[in-house]
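Visitor: only geometry, no sequence info:
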């Protein structure tokens, strides 16, 4: 969050829209980005009495947890599952504070069925902890000490996070919150702060377990966007354990859009305002403090400025540097410039007849395809990043995503975006990726011209 000094000049959106006198007004806050993070911050602030304006350049709120509709099908744009709906979970706590009901959802069990190259039987990531332990002991013999470490780190980290520490602390209050959150059992995580999953595998002599490494690479790529070798161990401990009870991953009834719709409803109930299709052109700073933002209405072309006491920025770090321009802190800008190029994602959305879906199909599946039925360690990272790895989400009857007797299949793969920028045949490349994805999917689903209704 960028903090601003007290600024009360100008006839702004806040006064003109709400008619609040400057003397009675609480702090004004502008939030940039209406993804789940931005919506959550804005809704909580509005509920606590702040004047909140949230802006986003997209058509609908939700960011990568939004949706679109085609021919009666509802497709999730990016995220297809949500965590934290269980009692004590982060969304449960947020919705309780906002005094709104949780969305209707069913636990994902298994959370994911992972198919390794050349294998027709999946590794099922079960929600029941004992069942998942039995599964991994059968699938990865000799790896239980590694999983035991992850479980210990997860418990310590989860309990620590649940006590609301502020990281990094920036003032005395933040430091006090951090100190209150620390317990003796928290210290178990200290030796592993700089460790990666790859380091842990080597510590337990598992660095040559190709099946385990492939499984971890596939799962962690979803959560951290990098391989096991690069993923921080403490982060992985949470990402790999959050799908087990009493936590869990959930499938929302209707679509992922339900989550953002509820947050928008709470925001507007408490007097906050959401403006979609409005681009923030830049953030103005004065003496190192955020002063105002320049806003452009995409429909009318109107451009104006809004001042606020605080600005919450829920965008990528690269976009934040762009918004700050030459006012971006030099050290921060250098850190961002050193970041490696992120991967992109290619997503295929299919509306199909229900007959295309195997009986008792899990809601989420993961495939790593290899024509020879095997994949070497050197090839694994390349294959995961080059459209051979598919994460698949499947609707089920009654979940609101497809008409009766129909279903949706959403398959995404990580790709190198450079080829998409540089190609002279964008549509041809898109068609090739689409055909390759459907070919991979056809090994599990029954995808024929008579069962496919819509492809995008």
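Guide: Good, I have the coordinates. This is a predicted model, so every value here is computed, not measured.

Visitor: neighbours around residue 131, how many?
Guide: Neighbourhood size, residue 131 [other CB atoms under 10 Å]: 15. Yep, even glycine has a C-beta here, placed from its N, CA and C like the rest.

Visitor: could you list every residue that touches it?
Guide: By CB atoms under 8 Å, 6 or more residues apart in numbering, residue 131 lies in contact with nothing.

Visitor: Try it again at 10 Å.
Guide: 109, 110, 124, 125, 244, 245 (CB atoms under 10 Å, 6 or more residues apart in numbering).

Visitor: Enumerate the beta-bridge partners assigned to the fourth one.
Guide: Using DSSP bridges, the bridge partners assigned to residue 125 are residue 112.

Visitor: I'd like the distance between it and residue 145.
Guide: Using CB to CB, to the nearest Å, residue 125 is found at 19 Å from residue 145.

Visitor: These two: which has the busier surroundings?
Guide: Neighbour count, other CB under 10 Å: between residue 125 and residue 145, residue 125 has more, with 25 against 12.

Visitor: The residue sitting nearest the centre point of the chain: what's its closest spatial neighbour, skipping adjacent residues?
Guide: The centre of the chain sits closest to residue 79, judged by CA atoms, centre = their mean, with a distance of 6.1 Å. Of all residues not flanking residue 79 in the chain, residue 65 sits nearest, at 4.5 Å (CB to CB, 6 or more residues apart in numbering).

Visitor: Quickly list the domain ranges of the chain.
Guide: 28-66+255-335, 128-245, 340-455 (the TED database).

Visitor: Can you pull the poorly scored residue ranges out of this structure?
Guide: 1-25, 370-387 (pLDDT under 70).

Visitor: Can you tell me which of the contacts of residue 131 is nearest residue 187?
Guide: Proximity of the contacts of residue 131 to residue 187 (CB to CB) peaks at residue 244, which lies at 24.0 Å.

Visitor: Tell me which residues touch that closest one, please.
Guide: 109, 111, 125-133, 151, 154.

Visitor: And the residue nearest to residue 79, how far from residue 91?
Guide: Distance from residue 65 to residue 91, by CB to CB: 12 Å.

Visitor: what do you get for residue 145?
Guide: From residue 145 over to residue 91 (counting by CB to CB), the distance is 33 Å.

Visitor: wait, doesn't the residue nearest to the centre of the chain sit right on residue 347?
Guide: No: using CB atoms under 10 Å, residue 79 is not in contact with residue 347, being 11.5 Å away.

Visitor: in the stretch 1-150 of the chain, which spans are helices?
Guide: 13-18, 36-47, 90-98, 129-139, 144-161 (DSSP state H, counting those that start in this stretch).

Visitor: out of the ones you listed, nearest to residue 75?
Guide: Distance to residue 75, taken as CB to CB, is lowest for helix 36-47 among the helices of the stretch 1-150 of the chain, at 17.5 Å.

Visitor: between that closest one and helix 90-98, how big is the angle?
Guide: Taking axes from the mean of the first three to the mean of the last three CA atoms, to 10 degrees, one finds helix 36-47 and helix 90-98 inclined to each other by 20 degrees.

Visitor: What helices and strands are in contact with helix 36-47?
Guide: strand 28-32, strand 51-56, helix 90-98, helix 257-269, strand 273-276, strand 310-313 (3 or more CB pairs under 10 Å, 6 or more residues apart in numbering; DSSP states H and E).

Visitor: packing partners for the longest one?
Guide: For helix 257-269, the contact count by 3+ CB pairs under 10 Å, 6+ apart identifies helix 36-47, strand 51-56, strand 67-70, helix 90-98, strand 273-276 as packing neighbours.

Visitor: do you know which of the ones you listed lies nearest residue 213?
Guide: helix 90-98 (30.0 Å).

Visitor: Could you check how far the closest one is from the centre of its chain?
Guide: Distance of helix 90-98 from its chain centroid, counting by CA atoms, centre = their mean, to the nearest Å, is 18 Å.

Visitor: still on that earlier bit, now, which of the contacts of residue 131 sits nearest residue 100?
Guide: residue 245 (24.5 Å).

Visitor: Assess the claim that that closest one and residue 86 are in contact.
Guide: Yes: the pair residue 245 / residue 86 is scored as a contact, 8.0 Å apart, by CB under 10 Å.

Visitor: Need the overlap of contacts for those two.
Guide: Joint contacts of residue 245 and residue 86 (CB under 10 Å, 6+ apart) are residue 107.

Visitor: Next, find the distance separating residue 160 from residue 186.
Guide: Residue 160 is 5 Å from residue 186, by CB to CB.

Visitor: quick one: which of the two has more around it?
Guide: residue 160 (18 against 15).

Visitor: I'd like the distance between residue 277 and residue 299.
Guide: In this view, residue 277 and residue 299 are 6 Å apart by CB to CB.

Visitor: Repeat that for residue 243.
Guide: For residue 243 relative to residue 299 (CB to CB), the value is 42 Å.

Visitor: Those two: which has the busier surroundings?
Guide: residue 243 (24 against 9).

Visitor: and residue 142, what is it in contact with?
Guide: 204, 205, 206, 209, 212.

Visitor: Deepest-packed of the domains of the chain, please.
Guide: Of all the domains of the chain, domain 28-66+255-335 carries the top mean neighbour count, a mean of 19, counting by mean count of other CB atoms under 10 Å.

Visitor: ok so, going back, the helices of the stretch 1-150 of the chain into JSON lines, with extra columns for distance to residue 307?
Guide: Listed next are those as JSON lines, based on distance: least, CB to CB, whole Å:
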{"stretch": "helix 13-18", "distance to residue 307": "9"}
{"stretch": "helix 36-47", "distance to residue 307": "17"}
{"stretch": "helix 90-98", "distance to residue 307": "27"}
{"stretch": "helix 129-139", "distance to residue 307": "51"}
{"stretch": "helix 144-161", "distance to residue 307": "34"}
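
Visitor: closest to residue 200 out of the helices and strands packed on helix 257-269?
Guide: helix 90-98 (25.6 Å).

Visitor: What are the buried residues along the closest one?
Guide: Within helix 90-98, the residues that count as buried by 16 or more other CB atoms under 10 Å are 91, 94, 95, 98.

Visitor: Distance check, the nearest residue to the third one once chain neighbours are set aside against residue 398.
Guide: In this case it means residue 95. Excluding its sequence neighbours, the residue lying closest to residue 95 (CB to CB, 6+ apart) is residue 102, at 5.3 Å. Distance, residue 102 to residue 398, using CB to CB: 18 Å.

Visitor: Where do the helices of the stretch 201-350 of the chain begin and end?
Guide: Remark: helices assigned in the stretch 201-350 of the chain by DSSP H, counting those that start in this stretch are 210-224, 233-241, 257-269, 317-324, 330-337.

Visitor: I'd like to know which of those helices is closest to residue 69.
Guide: helix 257-269 (9.9 Å).

Visitor: what's the spacing between the closest one and its chain's center?
Guide: For helix 257-269 - counting by CA atoms, centre = their mean - the centre lies 18 Å from the chain centre.

Visitor: next one: stretch 130-138
Guide: 27 Å.

Visitor: Mind checking the helices of the stretch 201-350 of the chain for the one nearest to residue 172?
Guide: Short answer: helix 330-337, nearest of the helices of the stretch 201-350 of the chain by CB to CB, at 23.6 Å.
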